[in-house]
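Asks: after the sequence you'll find the predicted model.
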Amino acid sequence: MNPLIAAVLVLMLGAALCLLPVSNYWRAGFGLASQVLATALVWLAVVPVLLGAPERFVEMPWGYPIGALHFRLNALGAFFLSWSLPMTLLGGIYAVGYLRKYFNSTRHMGVHFGLLNMISLSFVLVYTGEHAVTFLMGWEVAALSAWLLVIWDYTNQKVRFAGFNYLVSTHIGLIFLVAAFMILYAQTQSWYLDDWGAWMSQHPGTIRNTVFLLLLTSFGLKSAFFPFHSWLPRAHAAAPANVSALMSGVIHKAGLFALLHFLLIQGRPDAWMGWALLAFSITSAVIGGLYTVGQRDLKRLLGYSSTENVGIAGIGFGIGTLGLAWDVPNLAALGFAGGMLHILNHAFFKCQLFYAAGCVYQAKHGVDIERLGGLAKLMPITALSFLIGGIAISALPPFNGFASEFLIYSGLFTGDAISVWAKLLLAGVATLLAFVGAVSALSITRAYGVIFMGKSRDDTLPDGVEPSGWMLAPLLIHTAGTVLLGLMPVLGLMLVAAPTRLFLHALPDVAAQQAMQGVHDVLGRVSLVSVAVAGLIVLTWAAVWLLRRGLRQPALASGPTWGCGYTAGSARVQYTGNSFSTEFAHRYTGVMTLLKRQKAPLGYFPEDAYVVTDCVDAVERRLYNVIGHGDESASQISQLMHEDDPRLAFALGLAAVVAISALVVLAEGALP
Amino acid sequence: MTVFWQLTLAHMAVTLVMPFLLVGVINRTKSWWAARKGPGLWQSFHDLRRLLRKRPVVSNTATPLFRLGAYVVLVCALAAMAFVPLLGQFAPLSFAHDFVAVAYILGLARLVLMLSAMDVGSPFEGMGAAREAMFGAFAEPALFLLLGTLSAATGLSSFADMLGHLHNTSYYALVVLPLALALLILLQTEAARVPVDDPSTHLELTMIHEVMILDHSGPELAAMQYAAGLKMTLYAGLIATLLNPLDPLSAPLAAVTVAVGLMLGVAVVVGCFESLMARLPLPWVTRYVWLAGWLVAFAALAVGVAGGGL
């Protein structure tokens, strides 16, 4: 039997077993065991395809009106499957530690693990499905399961609201997706994605452009590109840490997969598509980056940084699209390989950061950074993992973010023969990308510095302790991946090479081979830089340590922090997250909405005084303002109308007839 | 010995010695304007030796990252210098887009420097770190736009080739002045000199770089100060290479002499700035750093119009 079908059956069986009336431990065990088995089965199918075996194709007969179901595992789907399933499994393992206290309660834990199985199942459907119905089915299964996972703490009204917000947003995306699918179906009379691709590659023009924009909007919503991101920070802050990690690192990559898939099948793209993708992505990267600066809630901060990082991956795809449009194989290879490698890297370090945030949450019952501090001494493993993830997310050597961004920069500073203005425009994008890197370094310094360094700011919270092995193991596996892919990015290229080759299929074999060799060489040099930096740091530290021992110098003197003459400082005088970011954030009030509530101290013996600054989402605020206005005007109109007035019914009926006939006329009888 | 190895040795020597010499020249320039005798040229070298002998005092709030950080900053600054053209169109290590590696290795140094500052839980050092992060976020894009402009103007891809080859292109006369001025502003920002920051101030509320290393002492302080000197050498070297008309591979001795002379000239200019103007108020500093970006954007437009038409 095909291992992928076996994996789907195993996952469904596991999900069913999770619901059995046995103890919560058994349910979690069934869920995890089926995930392990499914991961192994999927790897069995995926690894050969990634290493160059021909793609797998399965046809399943199905009844009218759907017709036979087609599943095709090509290198692109294989790449996404190769890490999506194991990372979901790690998320399940983390959940065992994170939700430990519910295991002996009356709470039904099987639902959580069953939903994780459904998430894995949706990956198989979306990443291999070639029939529009299975594709949409997988898409919906992922959306609904993610929604149910987010509202774990459903008794909390805020969590329910965040979940509802997500549910509505993801379905608005679905509307755009279905619209694009309807157009394509009307043109081809076929449900198969490869037929659509064949049609699109033969008919460039207005319809293909419309489809591209509709798909970009839909996939942008799924992957939380700006300005479609407003659901994301709420959902990530509300969900349990393992769910936030999976949503940000793994589940939302489905949007990028679908974008890549359609870029792949639509044939040679137009240059404007590349530029549009670049503009859309760099806007996401810059604004997502800026929003990370002002957040108080660590998980919201990490959520916004997802918007930033899908933007960075999107820049890679934009470069790749331009390369295909201009027939520059180097550019196409660098762009797509860089973008996909960034997806992989982001999955590693983003889950890692969310897991570390979950460890902090479990110890301190909160992730408001202004109330934390000094955790590095109490939770050294968590702190080190967070730091490594933070350096990686700022794209700094020697960790993995550097490798993928270096590829993207290599594309942006291309030496290929393109016009001077195009080069300067790409240099402009590189400039903004450098800004994004510096801003994320600022956010990470702020987050790590305030949470893990200094002294604890709030003594009423419990002490920090390292979490159990169930939580540390996934965290450390992700950390190891981040380090390994940083020092040896060629390992990442092994996964990315085959899908990148797919994008170059229209080019002559020699040119494609050379372009891939170019990517390989770039990553080899990145590897040298990373290893050299890491090695020099280790050697220098060893030399300093040995020298100090060899010279038999007296032990280090230790003393209080220099207080500039003031000796009665308390933990509350430390620099806070808000004071760290306020000077910078106030320069971008056009983008970020900073709400300030304050009560100034009054009189000689003031009793109560406070100042609270909240960085709220400008898009969401604007959206609610508009909806609020819409609500008001709707109620005004309804007051003017009388429902029992027959003229109203006639008018509406007439409008409906006109709209339907207009649609029929506009469709030019294209429908069968 | 081939020219490559001779130049590599010269590059190493310049890298190691210049941080002291540049500070010495700046201080002598300042004392010349003030009609004082001033400290000797090698004073900062003697200061460094003195610091190396001292036993460090570490805050009891700090984690091990605090001490490690100083050496990471030093190592990163040294590693970055290997790719930087100081002596004209030459760098010991050079490959396509190596400038991205330089910028990001220095970015790692900046991140670790800021974290070391946050590590002691002091109100002042966090302030310095926040300012460093902000001005870094404004300076780094200017540097990348400059590199992109060079890449578009020369069609080359390594740092040394792009910067050293620019004077052979037709764009040189158009862009040399804005680029040199932009690099000078970046030097003053990154190496914490007047008018962005005042290295000799004694008021914590106005400092940027010095306030971040308030708690460092002994060898760690020496590492931090030397790393700051290296950063100044880096930018002075970039300006020197931009202005240096000689090719080091064909005329090594002359090119190295001119490069060293130009770097010392940059130090004199920096010293004149420090003698003749005060440090800018903080809100103005941002605009001053932005000025570098505008200058580079002007150069980029000039390259676009001259090379691609309108």
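Replies: Arrived safely. This is a predicted model, so every value here is computed, not measured. Numbers count the residues shown, from 1 in each chain, chains lettered A, B, ... in the order given.
Asks: state the helix or strand in which the residue of the stretch 351-500 of chain A found nearest chain B lies.
Replies: Proximity to chain B, evaluated over the stretch 351-500 of chain A using Cβ to the nearest Cβ, is greatest for residue A:427 at 2.3 Å. The way it works is simple: take the backbone N, C-alpha and C, and place the C-beta from them, glycine included. Under the criterion DSSP states H and E, the helix or strand holding residue A:427 is helix A:420-452.
Asks: now do the same for residue A:505: its pLDDT.
Replies: Confidence per residue is given as pLDDT, and for residue A:505 that number is 88.
Asks: wait, I meant residue A:667
Replies: Here, the pLDDT recorded for residue A:667 equals 68.
Asks: just to revisit the earlier point, list the contacts of the residue of the stretch 351-500 of chain A closest to chain B.
Replies: Residue A:427 makes contact with A:412, A:413, B:144, B:145, B:147, B:148, B:149, B:151, B:152, B:300, according to Cβ atoms under 8 Å, 6 or more residues apart in numbering or on different chains.
Asks: how far is the helix holding residue A:427 from where the chain is centred?
Replies: Mean-position distance between helix A:420-452 and its chain equals 18 Å (Cα atoms, centre = their mean, to the nearest Å).
Asks: give me the next element, helix or strand, following it.
Replies: Next along the chain after helix A:420-452, with elements defined by DSSP H and E, is helix A:469-487.
Asks: does that next one reach chain B?
Replies: No: contact of helix A:469-487 with chain B is not found when judged by Cβ under 8 Å from any Cβ of the partner chain; the minimum separation is 11.6 Å.
Asks: show me how far that helix is from its chain's centre.
Replies: From the chain centre to the centre of helix A:469-487 is a distance of 18 Å (Cα atoms, centre = their mean).
Asks: helices and strands around the helix or strand following it, which ones?
Replies: Secondary structure here is assigned by DSSP H and E; on that basis, the next helix or strand after helix A:469-487 toward the C-terminus is helix A:489-503. Counting contacts by 3 or more Cβ pairs under 8 Å, 6 or more residues apart in numbering or on different chains; DSSP states H and E, helix A:489-503 is packed against helix A:24-50, helix A:75-98, helix A:253-265, helix A:329-364, helix A:400-412, helix A:469-487, helix A:509-550.
Asks: identify, out of these, the most deeply packed stretch.
Replies: Between the helices and strands packed on helix A:489-503, helix A:400-412 has the highest mean count of neighbours, a mean of 30, where neighbours are mean count of other Cβ atoms under 10 Å in any protein chain shown.
Asks: using CSV, list the CA coordinates for that helix.
Replies: As requested, C-alpha coordinates have been extracted for helix A:400-412 and formatted as CSV (Å, rounded to 0.1, in the frame of the first residue of the first chain):
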residue,chain,number,x,y,z
ASN,A,400,20.5,29.3,10.6
GLY,A,401,18.6,32.6,9.9
PHE,A,402,21.9,34.0,8.6
ALA,A,403,22.2,31.3,5.9
SER,A,404,18.8,31.8,4.3
GLU,A,405,19.0,35.6,4.5
PHE,A,406,22.4,35.5,2.9
LEU,A,407,20.9,33.6,-0.1
ILE,A,408,18.2,36.2,-0.3
TYR,A,409,20.7,39.0,-0.1
SER,A,410,22.8,37.3,-2.8
GLY,A,411,19.7,37.5,-5.0
LEU,A,412,19.0,41.1,-4.2
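Asks: what helices or strands is that helix leaning on?
Replies: On a contact count with 3+ Cβ pairs under 8 Å, 6+ apart, helix A:400-412 meets helix A:298-326, helix A:329-364, helix A:380-393, helix A:420-452, helix A:469-487, helix A:489-503, helix A:509-550, helix B:98-118.
Asks: report the mean confidence score over it.
Replies: Mean pLDDT, taken over the full extent of helix A:400-412, equals 95.
Asks: angle of it against helix B:98-118?
Replies: Our comparison of helix A:400-412 with helix B:98-118, counting by axes from the mean of the first three to the mean of the last three Cα atoms, to 10 degrees, yields an angle of 140 degrees.
Asks: how far off centre is helix A:400-412?
Replies: Relative to where its chain is centred, helix A:400-412 has its mean C-alpha point 18 Å off (Cα atoms, centre = their mean).
Asks: go on, stretch A:5-22?
Replies: 27 Å.
Asks: now the residue positioned nearest the centre of chain A. Nearest residue, chain neighbours left out?
Replies: Note on chain A: the residue nearest the mean C-alpha position is residue A:248, at 3.7 Å, using Cα atoms, centre = their mean. Once its chain neighbours are removed from consideration, residue A:248 has its nearest residue in residue A:306; the separation is 4.4 Å (Cβ to Cβ, 6 or more residues apart in numbering or on different chains).
Asks: pretty sure that neighbour is touching residue A:351, no?
Replies: No: proximity of residue A:306 to residue A:351 does not meet the contact threshold set by Cβ atoms under 8 Å, at 11.0 Å.
Asks: confidence score at residue 74?
Replies: Defaulting to chain A. Residue A:74 carries a pLDDT score of 91 in this model.
Asks: wrong one, chain B
Replies: The predicted local confidence for residue B:74 comes out at a pLDDT of 96.
Asks: show me the contacts for it.
Replies: Residue B:74 sits in contact with A:540, B:223, B:224, B:226, B:227, B:230, where contact means Cβ under 8 Å, 6+ apart.
Asks: burial count for residue A:566?
Replies: By the criterion of other Cβ atoms under 10 Å in any protein chain shown, residue A:566 has 9 neighbours.
Asks: check which helix or strand covers it.
Replies: Secondary structure assigned from DSSP H and E places residue A:566 in neither a helix nor a strand.
Asks: for the lowest-mean-pLDDT helix or strand in chain B, packing partners?
Replies: When each helix and strand of chain B is scored by mean pLDDT, DSSP states H and E, helix B:209-212 comes last, with a mean of 88. Helices and strands touching helix B:209-212, by 3+ Cβ pairs under 8 Å, 6+ apart, are helix B:98-118, helix B:123-154.
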